[in-house]
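> predicted coordinates and the sequence they were generated for:
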Amino acid sequence: MNPLMYLIIVGAGQIGTPLIESATRDGNEVAVIEYDEERANHAASEYDCLVIHDDATVKDTLSDAGAEDADAIISTTDQDATNTMVCLLAKEIGIPNIVSVVHNPDHMNLFRQIGVHTIENPQRLIADYLYRAVKRPAIIDFMQLSGNAEVFEIGVAEDAPIAGKTLQEADNEGLLGDDTLIVAIEQPGDEPPITPKGGTRINAGDILTVYSASGATPDITDTFGHYEDHEATRQ
């Protein structure tokens, strides 16, 4: 079991509220700082946490929230300038783990330069995910890495070139490029995913977790029998 933490969450809006719910549900000690009175009152009435209705860009406010004893602070406001100031103050106080939402991608490097773990605006991520679901219907789930690299899940169709072949056979036939790696196979049924080896056979109906340095391009998804991605990409 992971140890419980003392967390400070700045902002009780659309991003902060689900975070407060998750953190308190897991039994963590949580302090919330919210400048908007209505949001502060709502958080105080709904969740078992300390709520401070004040300006988080003032050092005394962070101290009132117990920043000196906090394991982490997460800034979720809708203003990058506010989040930056909160993170700088948290750095000065010495909070060991500092996380912030970043709304403008151009500001990512600024946050990273001051030692902040960042996450892109969740609304933007959701929009990108939904667009990807339409544009690339073969992909069940995916995670973008640096550059074009992706880790994605994809099912193996009945007529897939790779169906019925072992990983070694697929490699010998050039079905998997040098920058593509199958890292897990989930077979039909309730069995947990397996880590494949050269002799592992891939069958139709399997769900594969795949790493590709060039991303889930239609040429790669062809290997798993999903030719519809070519058509979706042209649309």
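Okay, I see it.

> from here on, contacts and neighbour counts on C-alpha atoms
Noted.

> do you know how far the closest residue to residue 37 other than its chain neighbours is from residue 64?
Nearest residue to residue 37, sequence neighbours excluded (Cα to Cα, 6 or more residues apart in numbering): residue 53, at 6.2 Å. The gap separating residue 53 from residue 64 is 11 Å, by Cα to Cα, to the nearest Å.

> higher neighbour count, the two?
residue 53 (17 against 13; other Cα atoms under 10 Å).

> quick one: that one and residue 35 touch, right?
Yes: Residue 53 is within contact range of residue 35, at 5.3 Å (criterion: Cα atoms under 8 Å).

> walk me through the domains of this structure.
6-120, 126-234 (automatic domain parsing).

> which of those domains sits most buried?
Greatest average neighbour count among the domains of the chain goes to domain 6-120 (a mean of 18), per mean count of other Cα atoms under 10 Å.

> centre of the chain versus it, how much separation?
Domain 6-120 sits 18 Å away from the centroid of its parent chain (Cα atoms, centre = their mean, to the nearest Å).

> quick check: end-to-end length of it?
Using Cα to Cα, the two ends of domain 6-120 sit 24 Å apart.

> stretch 94-103 too?
Using Cα to Cα, the two ends of stretch 94-103 sit 24 Å apart.

> can you check stretch 206-220 too?
Terminal residues of stretch 206-220 are spaced 16 Å apart (Cα to Cα).

> now what about that stretch, what contacts it?
With Cα atoms under 8 Å, 6 or more residues apart in numbering as the test, stretch 206-220 has contacts from 148-156, 176, 179-188, 226-227, 229-230.

> just those residues: which are in strands?
150-155, 180-186 (DSSP state E).

> quick one: the helices in the protein?
For the chain, applying DSSP state H gives helices covering 16-25, 37-46, 59-64, 80-93, 108-113, 122-135, 167-172, 218-222, 228-234.

> how about TSV for these, with mean pLDDT added?
Output for the helices of the chain, formatted as TSV (pLDDT from 0 to 100):
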stretch	mean pLDDT
helix 16-25	95
helix 37-46	97
helix 59-64	97
helix 80-93	96
helix 108-113	89
helix 122-135	72
helix 167-172	93
helix 218-222	88
helix 228-234	55
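
> looking at those helices, which is nearest to residue 195?
Among the helices of the chain, the nearest to residue 195 by Cα to Cα is helix 167-172 (11.6 Å).

> list the contacts of the closest one.
162, 176, 177, 196, 197, 198, 199, 200, 201, 202.

> what pLDDT does the model give residue 146?
At residue 146, the pLDDT value in this model is 68.

> with residue 151 instead?
On pLDDT, residue 151 comes in at 90.

> quick one: residues contacting the residue lying closest to residue 207 once chain neighbours are set aside.
With sequence-adjacent residues excluded and distances taken as Cα to Cα, 6+ apart, residue 207 is closest to residue 155, at 4.4 Å. Residue 155 sits next to 138, 139, 140, 204, 205, 206, 207, 208, 224 when contact means Cα under 8 Å, 6+ apart.

> those into TSV, with extra columns for distance to residue 126 and pLDDT?
Shown next, in TSV, are the contacts of residue 155 (distance: Cα to Cα, whole Å; pLDDT from 0 to 100):
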residue	distance to residue 126	pLDDT
138	18	78
139	15	82
140	15	82
204	30	94
205	28	93
206	27	94
207	23	94
208	23	95
224	26	94
